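# predicted structure and sequence below. I'll ask about it afterward.
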Protein chains: 2
Amino acid sequence: MKKNAFYAQSGGVTSVINASACGVIEACRDNKDKINKLYAGNNGILGALHEDFIDTSRESKKDIQMLMQTPGGVFGSARYKLKSISENKREYERLIEVFKAHNIGYFFYNGGGDSMDTAHKVSQIGKKLGYQITCIGVPKTVDNDLPFTDVCPGFGSVAKYTAVSTMEAALDVASMSRTSTKVFISEVMGRHAGWIAASSALAAANGVKAPHIILLPEVPFDKKRFLKKVKESVAQDGFCVIVVSEGVKDSKGKFLSEVSSKDAFGHAQLGGVAQVIAQIVNENLGLKYHYAISDYLQRAARHIASKVDLEQAYAVGKHAVKLALEGKNAVMPIIKRTSNKPYQWKISDIPLSRVANKEKKLPKAYISKDGMHVTNQCINYLSPLIQGESHPKYVNGIPAHAKLKLIPVPKILNKDFVIK
Amino acid sequence: MKKNAFYAQSGGVTSVINASACGVIEACRDNKDKINKLYAGNNGILGALHEDFIDTSRESKKDIQMLMQTPGGVFGSARYKLKSISENKREYERLIEVFKAHNIGYFFYNGGGDSMDTAHKVSQIGKKLGYQITCIGVPKTVDNDLPFTDVCPGFGSVAKYTAVSTMEAALDVASMSRTSTKVFISEVMGRHAGWIAASSALAAANGVKAPHIILLPEVPFDKKRFLKKVKESVAQDGFCVIVVSEGVKDSKGKFLSEVSSKDAFGHAQLGGVAQVIAQIVNENLGLKYHYAISDYLQRAARHIASKVDLEQAYAVGKHAVKLALEGKNAVMPIIKRTSNKPYQWKISDIPLSRVANKEKKLPKAYISKDGMHVTNQCINYLSPLIQGESHPKYVNGIPAHAKLKLIPVPKILNKDFVIK
């Protein structure tokens, strides 16, 4: 009897994670002789634990194609990390119970570092608990911090968003700087790795003088040298554009955002490193500033997705199914750069055991000598990733999005599972 | 002897103000038999006071056309409001001196409410100081608060940006809400009028359930009722998207953002009403939140401009020259809506005296009964304004922009003018 497959989305979503879903779904449909039905977990791994599946076979071809232009996670995502089998065997036994009941032989898990760890743990239930299942990770993260792959699907689009919005804001600030705002601060995502902040350097590709300063989590914040560079930039160009990673830390390794939020409100979450930087500029230089925090807007901005990124997100989804059908297990497709100019790439794969719990940060060679910008080598790496546009279809003045039926798979076990 | 013309950009820029510049420049070029050269003021009215002109006749046709896809103010803008002639006669005498020296007979001033006031004052120098000059205001403001005109060029594009980004972020939050963020807050511009916040309602045009709450400067913030609605939204949809105008005030008329910034830092400028709202949600409901502040990104986002808005911005620029050549003076072109479905508009004009220093706020009929959303009547007004896309040409993965030569006009007076 042909096995069914399970697919789920995990962790923070991206503007193109649904393109990976589209790739997995279409590849399963193309291989109906080998894979019976593809069930999607409602909210990531929780869908498996709660026997809460969506039957993707009930969706039309057209609706599945609309996933290519739909941001967010269409099946719901979850931030939930499985413990190891020895620590929480109960959860794995439950997974096996559910998978058995629904005849699931393939497990496709679409996420970042934590999710690849989960996928890796699930892949061990064959050896450790005797339930054979083929586990394939599908990479995704705007943070671009997965090792081995040239790039993580989702990153190219947020990089394009960051480059474009930095360029646009720079033109705005430049025109206002004579009598108004002189310093513009843009806070971007990146708690531990500065890839998104670094991508703002691409704003200068067509000659705009910005950003002047990029603050990375990899480089401890040096207030004195920072202020000096702000001053110099304003003296030279009349304005200063600063892009700051949310995860910038002080010399003691403390998040700048935490320092501030605790002073002000006694809460740790409130953060906003942009505001801290703004305050430092204002107090020390007395310059008028504005700041932006694009937060979810950056990772949801499908309307300005990179075509390269979209294609890669789709390709890793498709390739995951190919790997499974070739009999590979506990692996993740990765992007290999085969040429830089012109940018060419192919898909390869890597064992999940090597991926899990590793973070790829900006290498030293990508960071400028003063620690407040990036090198040409970094720009050469980043530039191909934001190439090409894939404008969504607009209806009523805004992008159309997939409206799936999301029909649940009838429960077989139908008994509650309480997450502890 | 044919007169020269003066054009300048004033106040906060928009993503399409350069389309108005393009309209003015092209119309002057089309009327070379009547208007000699068009000089642009370097940084608004300051360019006139400092005899600091850019010779637009030195720019190529192609470069001028690129203005259609270039955000920011290409000639530099300025926040500088002229006092009345009786209060600061010296400045008007200087203007006349400069205009005389450069044979300027036409004055085109591209800005919002304050700028129309300046244009109106300049128009009085004919009667009051004997220097005949034709003054035409060219409307522009993302705030959409100029009276008489159906819409202000610049607003349609920020409305489209707001609708699209709210829709995209809503899909993101919806997919995360089961295990993570439940409340998303997006702060938008609008110090006194809630037009931009209101436009977020267009996010729902294709069925996305957002925004749940729109906080407008026109409605005093009611914490209790606000929290109730947040709770209800989360109970119903699993998440709550809130769009908040930067200018929301409490029942005593105090900006919410000020209340906070003073508590925290003792500064008035730091603001960030999004953070205040986030704090209220967190303290009272304990829900995980994220917030975005798009700030300049929203008004610079030419990449997602509304085609209707772009066309209107261009048209008012062109029409301003037409009005001048018809012998009109001290007027401003306005957009008249002649049909709602399909949306049709034409250009008319209104005396500057009637425009200056008036603010158009959201009418009561546009605000929902509970004060935290907008009515269908409001949506019917807004919807046509965001229709159509005008994707810029991309080079190196980001939008190309006009790179003007910006050749200065040789000074004739060549003497300093000190602004007091």
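Nice, thanks for sending it over. Only a predicted model underlies this, so the values are computations on that prediction, with no experimental measurement involved.
# kindly report the residues of the stretch 251-400 of chain A close to chain B.
Residues of the stretch 251-400 of chain A lying near chain B by C-beta under 8 Å from any C-beta of the partner chain: A:263-265, A:267, A:269-270, A:272, A:274-275, A:278-279, A:282, A:290-297, A:299-304, A:306, A:383, A:386-389, A:391, A:394-400. All C-beta atoms are positioned from the backbone trio N, CA, C, and that covers glycine.
# please repeat the previous calculation with a cut-off of 7 Å.
Applying C-beta under 7 Å from any C-beta of the partner chain, we find that the stretch 251-400 of chain A lies next to chain B at A:264-265, A:267, A:270, A:272, A:275, A:278-279, A:290-297, A:299-304, A:383, A:386-387, A:389, A:391, A:394-400.
# I only care about those residues that end up buried; give me the PyMOL line for that.
In PyMOL, this line selects whichever of those come out buried by 16 or more other C-beta atoms under 10 Å in any protein chain shown:
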select buried, chain A and resi 264+265+270+272+275+278+279+290+291+292+293+294+295+296+297+299+300+301+302+303+304+383+386+387+389+391+394+397+398+399+400
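# give me the phi and psi for residue A:415.
For residue A:415, the backbone dihedrals are phi -130, psi 140 (criterion: degrees, to the nearest 10).
# what does residue A:236 give?
Per-residue torsions, residue A:236: phi -80, psi -50 (degrees, to the nearest 10).
# just residue A:184 next, same as before
Dihedral angles of residue A:184 (phi, psi; degrees, to the nearest 10) stand at phi -120, psi 130.
# wait, it touches residue A:290, no?
Yes. Between residue A:184 and residue A:290 there is a contact under C-beta atoms under 7 Å: 5.4 Å.
# quick one: common contacting residues for those two?
Jointly contacting residue A:184 and residue A:290 under the rule C-beta atoms under 7 Å, 6 or more residues apart in numbering or on different chains are residue B:296.
# next, the distance between the ends of stretch A:318-337.
Counting by C-alpha to C-alpha, to the nearest Å, you get 18 Å between the two ends of stretch A:318-337.
# same question but for stretch A:239-253, I mixed them up
Stretch A:239-253 stretches 30 Å from its first residue to its last (C-alpha to C-alpha).
# so which bits of it are buried?
Under the neighbour-count criterion of 16+ other C-beta under 10 Å, stretch A:239-253 has A:239, A:240, A:241, A:242, A:243, A:244, A:245, A:246, A:247, A:248, A:249 buried.
# what's around residue A:129, how many residues?
A count of nearby residues for residue A:129, using other C-beta atoms under 10 Å in any protein chain shown, gives 13.
# give me the pLDDT value at it.
Per-residue pLDDT puts residue A:129 at 91.
# list the contacts of it.
Residue A:129 neighbours (C-beta under 7 Å, 6+ apart): A:92, A:96.
# quick one: it and chain B, what's the gap?
According to C-beta to the nearest C-beta, to the nearest Å, residue A:129 and chain B sit 25 Å apart.
# sec struct for residue A:6, please.
Following DSSP: H, G, I helix; E, B strand; the rest coil, we place residue A:6 in the strand state.
# what does stretch A:79-99 contact?
Residues from elsewhere that reach stretch A:79-99 (C-beta under 7 Å, 6+ apart): A:11, A:44-46, A:48-49, A:51, A:114, A:117-118, A:121-122, A:124-125, A:128-129, A:131, A:133, A:413, A:417, B:179-180.
# going by contacts, tell me the helices and strands next to the longest helix belonging to chain A.
Longest helix of chain A, by residue count under DSSP state H: helix A:155-176. For helix A:155-176, the elements it packs on are strand A:183-188, helix A:195-199, strand A:240-245, helix A:295-300, helix A:307-325, helix B:296-300, strand B:398-399, judged by 3 or more C-beta pairs under 7 Å, 6 or more residues apart in numbering or on different chains; DSSP states H and E.
# and the longest one, what's its mean pLDDT?
Yep, that's helix A:307-325 we're talking about. On average, the pLDDT along helix A:307-325 is 98.
# give the buried residues for that helix.
For helix A:307-325, the buried set under the neighbour-count rule, 16+ other C-beta under 10 Å, comprises A:307-324.
# same thing with stretch A:360-374?
A:360, A:361, A:362, A:366, A:367, A:371, A:372, A:373, A:374.
# spatially, which two of these are the most separated?
A:360 and A:372 (21.2 Å; C-beta to C-beta).
# show me where the stretch 251-400 of chain A dips below the pLDDT cut-off.
Residues of the stretch 251-400 of chain A meeting the criterion pLDDT under 70: A:259-271.
# and the strands in it, which stretches?
Secondary structure of the stretch 251-400 of chain A (DSSP state E, counting those that start in this stretch): strands located at A:289-293, A:331-339, A:344-351, A:394-395, A:398-399.
# residue A:167 against residue A:208, yeah?
Yes. Using C-beta under 7 Å, residue A:167 makes contact with residue A:208 at a distance of 5.0 Å.
# who has more neighbours, those two?
Neighbour count, other C-beta under 10 Å: between residue A:167 and residue A:208, residue A:167 has more, with 29 against 21.
# what is the neighbour count of the residue lying closest to that one once chain neighbours are set aside?
Leaving aside its sequence neighbours, residue A:167 sits nearest to residue A:203 (C-beta to C-beta, 6 or more residues apart in numbering or on different chains; 4.0 Å). Per other C-beta under 10 Å, the neighbour tally for residue A:203 reads 25.
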